[in-house]
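1. missing the sequence, but the structure's below:
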DNA sequence: CAGGATCCGCTACGATACTG
DNA sequence: CAGTATCGTAGCGGATCCTG
C-alpha cells in the first residue's frame, strides 16, 4: 500500500461502526440482548440508570440500524420484544471480545 | 446464571471500554497507529478533518488511558512519535474485526 | 406495559489564532 | 514541527410529566 486511502474517514467502514455504536448504552444493550430476546421492561430493570426516554431512543436507533429487531405483540397489556438481527448477531462476538479485553486489562 | 449482575453498568469492563474509545476519532487513530508508529504531522495529514486541537486532545486521552505511547525526541525541529502500547496492541485485532464487519455488512 | 412529548444542561466537538 | 489558548456551538444524554 503506497497511499493510505484506507484510513480516509467518511467512507471507511470503521467510521460507520463508530457512528452506529457510539451511543452511550448501545454496546451494553446489544450485549444484553445477545443472551436472549428481552422485553422492554426487562431491559429497563436491568439498566435502571437509563431513563425510559433514553432507552427507547437508543433501542429505536439500533432498530433503524438493523442491529436489533422489534416485535410487537398485539395483546393487552402490550408486549414488545427486542432481539438481535442477523447483523447484530454477527457483531456480538466482537462485543464479547471487547468485554474480555476490558476485564483482563482494565483492572485499575 | 440466575442474576444478570454481569450487565450492571458502572463496574462492567465493557462500559470502561466504551468510555475510553467513545471519542469520535479514537478508533481511527488506534487503527492507523496499529500499522506502525507515526509522527504528529503524519497523523494530521492522514486525517485532515480533525483539527489540531482535537487531534492533540484525543491523542492525550489515549495516552492517559495507556493505549498509545508518546515519545518526544529532543531535537530541533521537534519530533514526536506515537505508537501503540502493549495494551493498545492487544486491542487492535478487535478494531480490525470491527472494520471487517463494517465493510462486509454496511454497504448501504 | 411500553412508550411519547418537552425541556434543558453539559461537554464533546470544532474554528481560529497564536507559540516554543 | 508540534503543539497551546480561546471561544463558540450542536446535539447527546437526561429529568420530568403524560398517554394508547
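-> Alright, I've got the coordinates. Predicted, not measured: the structure shown is a model, and the values here were computed from it. Numbers count the residues shown, from 1 in each chain, chains lettered A, B, ... in the order given.

2. Give me the longest helix you can find in chain A.
-> Secondary structure of chain A read by DSSP state H shows that its longest helix is helix A:86-105.

3. Please point out which parts of that one sit buried.
-> A:87-88, A:91-92, A:94-95, A:98-99, A:101-102, A:105 (16 or more other C-beta atoms under 10 Å in any protein chain shown). The way it works is simple: take the backbone N, C-alpha and C, and place the C-beta from them, glycine included.

4. Same check on stretch A:29-41?
-> A:29-34, A:38, A:40.

5. Also stretch A:6-23?
-> Of the residues in stretch A:6-23, A:7, A:12-18, A:20-23 count as buried by neighbour count, 16+ other C-beta under 10 Å.

6. now do stretch A:76-88
-> For stretch A:76-88, the neighbour count (16+ other C-beta under 10 Å) marks A:82, A:84-85, A:87-88 as buried.

7. quick one: contacts of that stretch?
-> Applying C-beta atoms under 8 Å, 6 or more residues apart in numbering or on different chains, the external contacts of stretch A:76-88 come out as A:30, A:33-34, A:36-40, A:43, A:59, A:62, A:66-73, A:92, B:105.

8. rewinding a little: which of the buried residues of stretch A:6-23 fall in helices?
-> Using DSSP H to define helices, the subset of those located there is A:13-18, A:20-21.

9. Quick check: phi and psi on residue A:84?
-> Phi and psi for residue A:84, reported as degrees, to the nearest 10, are phi -70, psi 140.

10. nearest residue to it other than its sequence neighbours?
-> Closest residue in space to residue A:84, ignoring its immediate chain neighbours: residue A:33 at 5.3 Å, by C-beta to C-beta, 6 or more residues apart in numbering or on different chains.

11. any idea how far that neighbour is from residue A:99?
-> Distance of residue A:33 to residue A:99, given as C-beta to C-beta, to the nearest Å: 14 Å.

12. Check residue A:22 too.
-> As defined by C-beta to C-beta, residue A:22 lies at a distance of 17 Å from residue A:99.

13. just residue A:49 next, same as before
-> If you go by C-beta to C-beta, the gap between residue A:49 and residue A:99 works out to 18 Å.

14. Give me the most central residue, chain A.
-> In chain A, the centroid-proximal residue (C-alpha atoms, centre = their mean) is residue A:30; its distance is 3.4 Å.

15. List the contacts of that residue.
-> Taking C-beta under 8 Å, 6+ apart, we find residue A:30 in contact with A:21, A:62, A:67-68, A:84, A:88, A:91-92, A:95.

16. so after the helix or strand harbouring it, what's the next helix or strand?
-> Residue A:30 is part of helix A:26-35, with elements assigned from DSSP states H and E. Tracing the chain past helix A:26-35, the next element assigned as helix or strand by DSSP H and E is strand A:38-39.

17. The helix or strand following that next one and DNA strand C in contact?
-> Moving toward the C-terminus from strand A:38-39, the next helix or strand (DSSP H and E) is helix A:40-46. Yes: with C-beta under 7 Å from any atom of the strand as the measure, helix A:40-46 is seen reaching DNA strand C through A:40-41.
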